[in-house]
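**Q** generate a structure from the sequence data that follows.
(one chain, ligands or ions: 1)
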Amino acid sequence: MNTNTKLRTRSREYFARAQQSLVEGVNSPSRGAAVYSSGPVVLERGRGSRVWDVDGNEFVDFMMSFGALIQGHAHPKIVEGVSKSVGEGSHFAAATPAEAEAAEHFCRMVPTAEVVRFANTGSEATMLALRLARAHTGRTKFLKFEGHYHGWYDPYCLNGHSHPVAQLGPPEHPTKIPDSEGIPSSVFEDVIVAPWNDLPALEGTLRQHGRELAAIITEPIMANMGCIPPAERYLQAVCDLAHQYGALFILDEVVTGFRYAPGGCQQLFNLRPDLATFGKALGAGFPIGAVAGSRNILDRMRWSEHMVLHYGTFNGHRLTMNVVAANLDLLSAEGAYRQLFAIGDAAIAGLRAIFRRRGIRAIVQGFGPMFQIYFTELDAVRNYRDYCAHVDTGKYSRFVHHLLEHGIYMTPSNGLHWIISTAHTEQDVEALLGAADQACAQLA
Ligand SMILES: Cc1ncc(COP(=O)(O)O)c(C=O)c1O
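**A** Reported below is the predicted structural model:
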């Protein structure tokens, strides 16, 4: 493996060229110069756990398409399914056996999925879940937590980025901070924001607003401020509180779904969300979103004068449905999750040992297939405010830029997280630890 990945001549050329015709030279800011200080590594191909850039440098990929590639790159079974589907006609926007097969797999694996509706992205899924919740309850407002990201639909774009703590307002009544221009402020009148992992604060907010809420939406493990697990029994308490006030409990499993267990975090933490949303790992690299839950809620989409509208030319895309079925088949195999956890836990333990040995104040948070490194004095990052106040995101960025020089591909954004796919091996963990040791030396 080529570990000298410093030569980036062609990456720089492509990036310069792309900036002529694409905003910031990319299609999402997190892929460009906002995050990669000398411009992005421009990738050309991938196989298994590895990717190659346009200069021919090889990397072990721990970003895995922001978690979409649970089977790694170009898994033979996925490639075979896609090739066959394309040859037969990729999509008909009509009823197909492929969508029924994908849905059956899905409903077998996700405990609360009586039925599922497929869309094309996680953002579409969370958008639909909110519309369903509003229709089902006849209420308009909903509650989201600070630092949670649910896609880019207008009402979700609040308090999703990190900010100086002085701007955040009191935890029991956070200041609403829009993540985007172009959203009417009236949209945010229907959004209640609360701190996460803080039950007393939530109880206080619900005493004030609970009866107005259509839903409480939460990520089960905070995945957009790195990787922050819930406090013991916290999620069950949130679910119970939502129900106490007549609101639905929406579990946004776009990141965690099919990653932590065949049935996602609802299975791992034994939760019964009214609606759950999925994306990323479900599609093994193909665009997908899904909403699942009880039939009496999803049936509101049935054609009628009072239906919940959900259209989409590409819903249940035939090619993707074949990928979903093949992917879920692979994930149902005996030992698939044991392997994901073993590799992830080995990486986590190895990184912790390196930071300890090198005397660097850093924690590695998370478990199994997803984790994040925080350069912090804290023993644990428990919520958004800890992240905003105590995490040295600049140091993390420098650390990851060094890793990139040593053949590890990862985003320098501390808000994201390390991903283990079924393609990762012990050798990949060794490569990571070797690179991390060198990066630590360069940090000092
Ligand atoms: C928890 C969560 N929900 C929803 C989304 C939106 O998914 P997509 O990017 O597929 O629209 C994301 C994306 O990162 C996410 O992390």
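**Q** rest of the way, CA atoms for contacts and neighbours
**A** Noted.
**Q** tell me the contacts of whichever residue of the stretch 201-350 of the chain sits closest to the ligand?
**A** The ligand sits closest to residue 254 of the stretch 201-350 of the chain, with a gap of 4.8 Å, by Cα to the nearest ligand atom. Applying Cα atoms under 8 Å, 6 or more residues apart in numbering, one finds that residue 254 lies in contact with 122, 277, 278, 279, 280, 281, 289.
**Q** if we use 7 Å, what do you get?
**A** Counting by Cα atoms under 7 Å, 6 or more residues apart in numbering, residue 254 touches 122, 277, 278, 279, 280.
**Q** likewise for residue 82?
**A** Counting by Cα under 7 Å, 6+ apart, residue 82 touches 319, 323.
**Q** where's it relative to residue 50, distance?
**A** Per Cα to Cα, to the nearest Å, residue 82 is found 20 Å from residue 50.
**Q** for the ligand, what is the nearest residue in the stretch 151-300 of the chain?
**A** For the stretch 151-300 of the chain, Cα to the nearest ligand atom, closest residue to the ligand: residue 151, 3.6 Å.
**Q** ok now the longest helix anywhere in the chain, how far from the chain's centre?
**A** Taking DSSP state H as the criterion, the chain has its longest helix at helix 336-358. With Cα atoms, centre = their mean, to the nearest Å as the basis, helix 336-358 stands 20 Å off its chain's centre.
**Q** cool, and stretch 145-165?
**A** A distance of 14 Å separates the centroid of the chain from that of stretch 145-165, by Cα atoms, centre = their mean.
**Q** contact partners of that stretch?
**A** By Cα under 7 Å, 6+ apart, stretch 145-165 touches 122-123, 126-127, 176-180, 183, 187-188, 191, 193-196, 218-219, 222, 224-225, 384-385, 388-389.
**Q** so which of those reach the ligand?
**A** By Cα under 6 Å from any ligand atom, the members of these lying near the ligand are 122, 123, 219.
**Q** burial count for residue 329?
**A** Neighbour count of residue 329, defined by other Cα atoms under 10 Å: 14.
**Q** C-alpha coordinates for the helix or strand containing it, PDB please?
**A** Assigned by DSSP states H and E, residue 329 belongs to helix 318-331. Extracted in PDB, the C-alpha atoms of helix 318-331 (Å, rounded to 0.1, in the frame of the first residue of the first chain):
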ATOM      1  CA  ARG A 318     -36.000  -0.700  -9.000                       C
ATOM      2  CA  LEU A 319     -32.200  -0.800  -9.100                       C
ATOM      3  CA  THR A 320     -32.000   0.400  -5.500                       C
ATOM      4  CA  MET A 321     -34.700  -2.000  -4.400                       C
ATOM      5  CA  ASN A 322     -32.600  -4.900  -5.700                       C
ATOM      6  CA  VAL A 323     -29.600  -3.400  -3.900                       C
ATOM      7  CA  VAL A 324     -31.600  -3.100  -0.600                       C
ATOM      8  CA  ALA A 325     -32.700  -6.700  -0.800                       C
ATOM      9  CA  ALA A 326     -29.100  -8.000  -1.500                       C
ATOM     10  CA  ASN A 327     -27.800  -5.700   1.200                       C
ATOM     11  CA  LEU A 328     -30.300  -6.800   3.900                       C
ATOM     12  CA  ASP A 329     -29.600 -10.400   2.900                       C
ATOM     13  CA  LEU A 330     -25.900  -9.900   3.500                       C
ATOM     14  CA  LEU A 331     -26.600  -8.200   6.900                       C
END
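**Q** quick one: secondary structure of the closest residue in space to residue 442 that isn't next to it in sequence?
**A** What sits nearest to residue 442 in space, not counting adjacent residues and going by Cα to Cα, 6 or more residues apart in numbering, is residue 402, at 7.4 Å. Secondary structure, DSSP: H, G, I helix; E, B strand; the rest coil: residue 402 is helix.
**Q** pretty sure residue 402 sits against residue 440.
**A** No: counting by Cα atoms under 7 Å, residue 402 stays clear of residue 440, with 8.6 Å between them.
**Q** how far away is the residue nearest to residue 442 from the ligand?
**A** 25 Å (Cα to the nearest ligand atom, to the nearest Å).
**Q** count the neighbours of that residue for me.
**A** Residue 402: 22 neighbours (other Cα under 10 Å).
**Q** same thing with the one 4 residues further on?
**A** Close neighbours of residue 406, defined as other Cα under 10 Å, add up to 24.
**Q** now the next helix or strand after the longest helix of the chain and helix 336-358, what's the angle there?
**A** The helix or strand immediately downstream of helix 336-358 is strand 362-367, counting by DSSP H and E. Using axes from the mean of the first three to the mean of the last three Cα atoms, to 10 degrees, the direction of strand 362-367 lies 170 degrees away from that of helix 336-358.
**Q** and the stretch 1-150 of the chain, which residues reach the ligand?
**A** So far as Cα under 6 Å from any ligand atom goes, the stretch 1-150 of the chain lies against the ligand at 121, 122, 123, 149, 150.
**Q** quick check: mean pLDDT across stretch 71-86?
**A** Across stretch 71-86, pLDDT averages out at 94.
**Q** show residues contacting whichever strand or helix holds residue 296.
**A** If you go by DSSP H and E, residue 296 is part of helix 295-298. Contact with helix 295-298 is made by 114, 115, 132, 136, as judged by Cα under 7 Å, 6+ apart.
**Q** the third one: what's it in contact with?
**A** Neighbouring residues of residue 132 by Cα under 7 Å, 6+ apart: 297, 308.
**Q** redo that, cut-off 10 Å
**A** The contact partners of residue 132, by Cα atoms under 10 Å, 6 or more residues apart in numbering, come to 126, 138, 214-215, 248, 275, 291, 297-301, 307-310.
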